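**Student:** here are the coordinates; sequence isn't available:
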């Protein structure tokens, strides 16, 4: 029995300290995880403000020195886009797209490799911008792994220390019992053992007292009386000790309760959000300073006041309904609530009241209060029902968070959005009107030019022919510029609605080749198509499909002085690739990142060799995105360029 008791005590103690070690491990791990999350948020905010500072410098761009700093902060990418989603500034945009930089959700900020965040800010001249950041988690994972090993080792040390201490306590209790057992076993009828002196008053001491009592009874009757008296005295002392212990324990409990109440009072009073204790029947019981400041009342003015008197009249019925749900009251709430059943109430309120939570143990929804000065305060209102030991309702603990500023900002954003949409509509109307005013006389000029050429042709005036050709070329150039600007405006404003249909790629490309045949012959270029597939059909918008390759082929011919232009059509994995390859002047590697930006050209200045306004490739990129396709550029300066457009089959 003794060994069995010792083993049970040892196992029980080991289990207790094992549970303590596990709880310690999980607590430390959780604290570290929250600290790491906070560090990531701080790093993200620091990078955000740094990028804003860089963008506000005179050059309006981010320096290479600061990009090196971003790399040191493990920033994988950043994307700056406008309200329509167009990328204005980026770093490592390919990696950003692979990680779906614009898919940032509140409950999904961290994936397996990248911490993603987004910010919205107001640019000085260009309206609202959005910044997307991606920070590598590799270094954080390594640090987290080291800390988990440390927490595990610390928890194991706690477990081993507790087990050793448990073993020490068990041995300290078992040794005296073993001593008494050995003395009793070694005694006989003629050689009785003497008394065992002890000062212990626990169970072991009781056993020793009982042993001394039996020894005294065997010696003499007088010793028996003395032993009995000693036992009674010992029991009396034990009871007094137990009573004193109970009194001390109660005193400690009362002191701890007072400390806990004081700590709770300080916590409520110093809380940055409003805290209100209400009774189901008598109104407000207790408020903190934050709630008083929020509504402009003193504490004395709010105590015992029904909360309905400071609530917005349109919100009180909703609150009463959810309070009744917490109280498990099947009847409708009092006041101005229509005669609806519970199901109708739930459907109506959840749709219209912006209810954040309808759990049976608490409610959490948006609520409006009326300040002492009559102003409306928008809040998030969370109410928890407190119950006694018999599960009867006592009071409601209400947490009130002021979101008035957020509501005002939301209204300002909505007004700004409406204003921006109106500005965009006016811009489109202006461009359409100006297009009509410019195109009408321009069409007259372009239509009259051939007539003038036919009229003066017999005179064979070379200088006049040059002037007429220049007039015709400049008119067509102006007409193309107007078309590009209007097309870009239609795409950016979302007015263009694509109509997707099955397109025969070979047929469309051959049609374009016939259109560009004369232009190629004039420059001495070879234009040919290489067909590497038997299924050259895609689902696309016919107009934008034609515009993509009209621009690409035209650019290839324009920037190629000699050699050839090839159109290669070949299959990919469930894809169809169309590559426009030329032997022209090529594009430098530094300019490739800006090639699809509107009004961007590599050759700038008054002495540039090739004409153009920088809108062609920007429109190509917009049209490619509209058709859910992809475009890739490979180019080498002085060798040539290849533009590859990939469509889904």
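**Tutor:** Now that the structure is in, tell me what you want to look at. Just so you know, these numbers come straight off a predicted model, no measurement behind them.
**Student:** mean confidence score for the one helix or strand residue 11 maps to?
**Tutor:** Assessed by DSSP states H and E, residue 11 sits inside helix 2-55. The average pLDDT within helix 2-55 is 80.
**Student:** Paired strands for the lengthiest strand in the chain, with orientation please.
**Tutor:** If you go by DSSP state E, the chain has its longest strand at strand 376-387. Applying DSSP bridges, strand 376-387 is found paired with strand 362-370 (antiparallel), strand 393-402 (antiparallel).
**Student:** which of the residues in that strand are buried?
**Tutor:** Neighbour-count burial for strand 376-387 flags 377, 378, 379, 380, 381, 382, 383, 385 (criterion: 16 or more other CB atoms under 10 Å). In this view, the C-beta of every residue, glycine as well, is placed from N, C-alpha and C.
**Student:** And the strands in the stretch 451-600 of the chain?
**Tutor:** Remark: strands assigned in the stretch 451-600 of the chain by DSSP state E, counting those that start in this stretch are 500-504, 526-532, 537-541, 564-571, 575-582.
**Student:** Format the ones you listed as JSON lines; extra columns: distance to residue 127, mean pLDDT and mean neighbour count.
**Tutor:** Converted to JSON lines, these look like this (distance: least, CB to CB, whole Å; pLDDT from 0 to 100; neighbours: other CB atoms under 10 Å):
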{"stretch": "strand 500-504", "distance to residue 127": "31", "mean pLDDT": "93", "mean neighbour count": "13"}
{"stretch": "strand 526-532", "distance to residue 127": "43", "mean pLDDT": "93", "mean neighbour count": "14"}
{"stretch": "strand 537-541", "distance to residue 127": "29", "mean pLDDT": "92", "mean neighbour count": "19"}
{"stretch": "strand 564-571", "distance to residue 127": "40", "mean pLDDT": "94", "mean neighbour count": "18"}
{"stretch": "strand 575-582", "distance to residue 127": "35", "mean pLDDT": "95", "mean neighbour count": "20"}
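**Student:** closest to residue 76 out of the ones you listed?
**Tutor:** Evaluated over the strands of the stretch 451-600 of the chain, closeness to residue 76 peaks at strand 575-582, with 27.1 Å, by CB to CB.
**Student:** Quick one: work out the angle between the closest one and strand 564-571.
**Tutor:** Per axes from the mean of the first three to the mean of the last three CA atoms, to 10 degrees, the angle that strand 575-582 makes with strand 564-571 is 170 degrees.
**Student:** helices or strands next to strand 575-582 in the packing?
**Tutor:** Helices and strands touching strand 575-582, by 3 or more CB pairs under 8 Å, 6 or more residues apart in numbering; DSSP states H and E, are helix 505-523, helix 542-558, strand 564-571, strand 640-648.
**Student:** So which of these is nearest residue 149?
**Tutor:** strand 640-648 (46.8 Å).
**Student:** Which elements pack onto the helix or strand residue 324 falls within?
**Tutor:** Per DSSP H and E: residue 324 is located in helix 313-326. Applying 3+ CB pairs under 8 Å, 6+ apart, we find helix 313-326 packed against helix 342-352, strand 362-370, strand 376-387, strand 393-402.
**Student:** how about the ones you listed in TSV, adding mean pLDDT and distance to residue 549?
**Tutor:** Listed next are the helices and strands packed on helix 313-326 as TSV, based on pLDDT from 0 to 100; distance: least, CB to CB, whole Å:
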stretch	mean pLDDT	distance to residue 549
helix 342-352	42	49
strand 362-370	83	53
strand 376-387	86	54
strand 393-402	86	57
